[in-house]
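> Have a look; sequence and predicted model below, questions after that.
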Amino acid sequence: MTHSLISKNLQASIDLKQRLLEDDALLQNVRAVADAMIKCYENEGKVLFCGNGGSAADAQHLSAELSGRYYFDRPPLFAEALHVNTSYLTAVANDYSFDHIYERITQCMGKTGDVLIGMSTSGNSRNVILAMKKAQELGMTTVGFTGAGGGKLKEHCDFLLAIPSTNVPRIQECHMLVGHTLCEMVEAAMFPDFRPSQD
């Protein structure tokens, strides 16, 4: 049973990634998102992330890849996951509602030209949707990481990276693959002189 479950999940992950590999529109969107992030950083902007649960963990992971390092030593890039200040998070959830936690911090941290990446496997997380709406009002570039269809979030995205699945773990695995690829593309473009020699 255990062996068959492992094999089943590995195959499901491979099959979904194969679908992504063959999806030219999605691949072009990944390139476009990378270009938007690079433009943001060239203009001294910020890339912000938000999500809930596993998507919050993914948001924090990807922001760390940008603000820390990915493949090689280079200057840091401003990236932050919007849930990391737990005092802020609990205060706003208590005083207003959980729906507004990302909207309010986007309002105070974001500015025109920044990028907000909202991660929601269903595409229907209300706090992420409100944050994306606020980001649009501020003139930020909005990017949605979702599952199949994009949910309600797609209406508020300049770029939608919708993984064609409704299986949450498989969607999140692909979000991290796409997110890591974006980090690699951004790092390589921003710091060509810092890349180690291939000799």
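Great, that's in hand. Fair warning: this is a prediction, and the values are worked out from it, not measured in the lab.
> roughly how far apart are the most centrally placed residue in the chain and Leu153?
For the chain, the residue nearest the mean C-alpha position is Ile117 (4.4 Å; Cα atoms, centre = their mean). The gap separating Ile117 from Leu153 is 11 Å, by Cβ to Cβ, to the nearest Å. For every residue, glycine as well, the C-beta is placed using N, CA and C.
> one step back: please identify the helix or strand for the residue nearest to the centre of the chain.
Assessed by DSSP states H and E, Ile117 sits inside strand 115-119.
> Tell me the first helix or strand C-terminal of that strand.
helix 126-138.
> Tell me what angle that following helix forms with strand 115-119.
160 degrees (axes from the mean of the first three to the mean of the last three Cα atoms, to 10 degrees).
> would you put the C-alpha positions of the helix or strand just after helix 126-138 in PDB?
The element immediately downstream of helix 126-138 (helix or strand, assigned by DSSP H and E) is strand 141-146. Taking Å, rounded to 0.1, in the frame of the first residue of the first chain, the C-alpha atoms of strand 141-146 are listed here in PDB:
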ATOM      1  CA  THR A 141       1.500  44.600 -10.800                       C
ATOM      2  CA  THR A 142      -0.600  41.700  -9.600                       C
ATOM      3  CA  VAL A 143       0.200  38.000 -10.100                       C
ATOM      4  CA  GLY A 144      -2.000  35.100  -9.100                       C
ATOM      5  CA  PHE A 145      -0.700  31.600  -8.300                       C
ATOM      6  CA  THR A 146      -3.900  29.400  -8.300                       C
END
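> The helix or strand just after strand 141-146: how far from the chain's middle?
Per DSSP H and E, the first helix or strand lying C-terminal to strand 141-146 is strand 159-162. Mean-position distance between strand 159-162 and its chain equals 10 Å (Cα atoms, centre = their mean, to the nearest Å).
> Just checking: what are the partner strands of strand 159-162?
strand 141-146 (parallel) (DSSP bridges).
> now the helices for the protein?
2-21, 24-42, 54-67, 86-95, 101-109, 126-138, 168-190 (DSSP state H).
> Quick check: which of these is nearest to Phe159?
Proximity to Phe159 (Cβ to Cβ) singles out helix 24-42 among those, at 4.9 Å.
> report the angle between the axes of the closest one and helix 54-67?
50 degrees.
> So which bits of helix 24-42 are buried?
Leu26, Asn29, Val30, Val33, Ala34, Ala36, Met37, Ile38, Cys40, Tyr41 (16 or more other Cβ atoms under 10 Å).
> any idea how far the second one lies from Met109?
Applying Cβ to Cβ, the value for Asn29 to Met109 is 25 Å.
> Next, show the common contact partners of Ile117 and Leu153.
Gly144 (Cβ atoms under 8 Å, 6 or more residues apart in numbering).
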